[in-house]
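Student: take a look and give me a structure for this.
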Amino acid sequence: MSRIRGVQLGDTFWAGHLHVVCSEPDADGSVVIFNTTTMRSDSDRNCIIQPNELPSVNHVSVIAYERGHVMTKAQQEQLEESKEFATMRRSSASADVLRRIQEGALKSDQTPIEVQDIISDQVRS
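Tutor: Numbering: from 1, shown residues only. You can find the predicted model right below:
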């Protein structure tokens, strides 16, 4: 897989919620990031995460597609260079969970269009 410093497809890190890198870096080194959040009655349920399916997820959660965003190479480098990043990193998402997150991103009407376009290009290629 392509690598921009230490951030690559499937990487996860904790920053208030568990965040998952859900795309390979594009030509500029940017990646798509989604985060998990506790499932509520009004949550988007296109990707439900069960406890322990992702690191540090201890209760039923969902992917917050509405908060999906593109993280630039500069933002990644700033994060990776922070003192806290080593303690934020978690183990990688499994291929199955990553595929479910990507598929949910394409189904959800909450996913930003720019993010859907990046995921769509990579899933279908």
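Student: what about Val80, helix or strand, and which?
Tutor: For the record, residue 80 is Glu, not Val. helix 73-81 (DSSP states H and E).
Student: now that helix: mean pLDDT?
Tutor: Taken as a whole, helix 73-81 has an average pLDDT of 89.
Student: repeat that for stretch 8-22.
Tutor: 94.
Student: Val20 against Thr36, yeah?
Tutor: Yes - counting by Cβ atoms under 8 Å, Thr36 is a contact partner of Val20 at 7.4 Å. Glycine gets a C-beta too; all of them are placed from N, C-alpha and C.
Student: remind me, longest strand of this structure?
Tutor: Taking DSSP state E as the criterion, the chain has its longest strand at strand 31-38.
Student: same for the lowest-mean-pLDDT helix or strand in the chain, what does it pack against?
Tutor: Least confident helix or strand of the chain, by mean pLDDT, DSSP states H and E, is helix 85-88 with a mean of 84. When contacts are defined as 3 or more Cβ pairs under 8 Å, 6 or more residues apart in numbering; DSSP states H and E, helix 85-88 packs onto strand 12-14.
Student: please consider this matter closed, and thank you.
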